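Colleague: Sequence plus predicted model, see below.
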Amino acid sequence: MVASFQERLQAVNPEYETFERLQTLQVNLGNLCNLNCSHCHVEASGRGTEIMNRTVMDQIALFLQRHQNLALDITGGCPEMNPDFCYLIEITDRLAQRRLLRSNLAIMAEPGREWLPEYCRSHDLTVIGSLPCYLEDNVDRQRGEGVYQSSIKVLKRLNTLGYGTELELDLVYNPGEGFVPGRQLGLEAAYKQELSSRHGIVFNHLFTITNAPIGRFRAHLEAGSSYTAYLRLLSERFNPDAAEKIMCRTLISVDWEGRLFNCDFNQALKMPLTAVDGSVMTLSNLEGDLLPGEKILLSQHCYCCTAGEGSSCTGALVA
């Protein structure tokens, strides 16, 4: 029996289960993807049908016009596969403090999409690329045959465009199985050494992200009868020092229809934010500073964010 995450968090400090202030607007453009990764919590694939349209994108741009000190974090699925991806990028130019594109990298090597690296540079996007290991076999096992070589090809192209030096290029590490990542700084050093020596690739930061026990990763764990053991491991590695910095205190997630969530994990679990009257909150009725002091919707999957060094969309929470 794993103790309630909410009770564990309350025991550290009741304020940590409340929203503090909005710093990052994370938008999920849908579950369409060219890959079918084993750890994907949104179960994205080439069969995805949840695709954000221009009406919702216009609402995002209007919101950013009124709140221009925010970071815009663009994710999916594979966000570049949204038919209106370029529309969103172009209508949000100069509206956010910074814009982060979460890419699986391999998409930028596909025929007909080779223009994407140059496009990202021309719109000053920070690229956060998924590369769950610096070894080819591990990446292809987790993401599909040939994905590693495609990712390396794209990283080299990004480097020639100034990414990793003039523009920010970050990588993301996700464990392939049910364990908590090691020290982020140590893994970052290993990545930099291996990618440089093997391929001459440079990048800025490595983000270690603990897999949430939901979606396709939960199914993977359950298939191996290890879901309960993984959840117990996350709870045993609960780090009180990470609790204060959980990303849902400063981030709001927007789904393909404009509905609001505390994070992308809650979005995958269909746990939306609701107004006083019980209606689902959307960008169209959101104004001002978002819900300071309001309770965050928490559940057992939240243990992934406080295990070990902690985990967020920008990596470890404590050194």
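Modeller: Great, that's in hand.
Colleague: When you work out contacts or count neighbours from here on, use the C-alpha atoms and nothing else.
Modeller: OK.
Colleague: and the top helix by length along the chain, which residues are buried?
Modeller: Counting by DSSP state H, the longest helix found in the chain is helix 184-199. Within helix 184-199, the residues that count as buried by 16 or more other CA atoms under 10 Å are 184, 187, 188, 191, 192, 193, 195.
Colleague: Any idea which helix or strand in this structure has the lowest mean pLDDT?
Modeller: Least confident element among the helices and strands of the chain, by mean pLDDT, DSSP states H and E: helix 136-143 (a mean of 89).
Colleague: Please list the residues outside that one that contact it.
Modeller: Contacts to helix 136-143, defined as CA atoms under 8 Å, 6 or more residues apart in numbering, come from residues 35-39, 131-133, 146-149, 176.
Colleague: out of those residues, which are buried?
Modeller: For the contacts of helix 136-143, a burial check counting by 16+ other CA under 10 Å picks out 35, 36, 37, 38, 39, 131, 132, 133, 147, 148, 176.
Colleague: Out of the residues you listed, which sit inside helices?
Modeller: If you go by DSSP H, those have 147, 148 in helices.
Colleague: Let's have the buried ones among the contacts of helix 136-143 in a markdown table, adding pLDDT.
Modeller: Below are the buried ones among the contacts of helix 136-143 laid out as a markdown table (pLDDT from 0 to 100):
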| residue | pLDDT |
| --- | --- |
| 35 | 84 |
| 36 | 83 |
| 37 | 80 |
| 38 | 75 |
| 39 | 75 |
| 131 | 95 |
| 132 | 92 |
| 133 | 91 |
| 147 | 94 |
| 148 | 95 |
| 176 | 79 |
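Colleague: Pick the one among the buried ones among the contacts of helix 136-143 closest to residue 298.
Modeller: For the buried ones among the contacts of helix 136-143, the minimum distance to residue 298 (CA to CA) is 21.0 Å, reached by residue 39.
Colleague: All the helices of the stretch 101-250 of the chain, in order from the start?
Modeller: 116-122, 136-143, 147-160, 184-199, 215-223, 227-236, 240-243 (DSSP state H, counting those that start in this stretch).
Colleague: any idea which residue of the protein is furthest from its center?
Modeller: residue 277 (30.1 Å; CA atoms, centre = their mean).
Colleague: circling back to that earlier point, quick one: which two of the contacts of helix 136-143 are the most distant?
Modeller: 39 and 149 (19.5 Å).
Colleague: burial of residue 80, as a residue count?
Modeller: A count of nearby residues for residue 80, using other CA atoms under 10 Å, gives 25.
Colleague: Next, give phi and psi for it.
Modeller: Note on residue 80: its backbone torsions stand at phi -70, psi -20 [degrees, to the nearest 10].
Colleague: same question, residue 29
Modeller: Dihedral angles of residue 29 (phi, psi; degrees, to the nearest 10) stand at phi -80, psi 0.
Colleague: got it, and the one 3 residues further on?
Modeller: Recorded main-chain torsions at residue 32 are phi -80, psi 130, according to degrees, to the nearest 10.
Colleague: And it, how close does it get to residue 69?
Modeller: Separation of residue 32 from residue 69 (CA to CA, to the nearest Å): 29 Å.
Colleague: higher neighbour count, the two?
Modeller: With neighbours defined as other CA under 10 Å, residue 32 and residue 69 compare such that residue 32 has more, 24 against 15.
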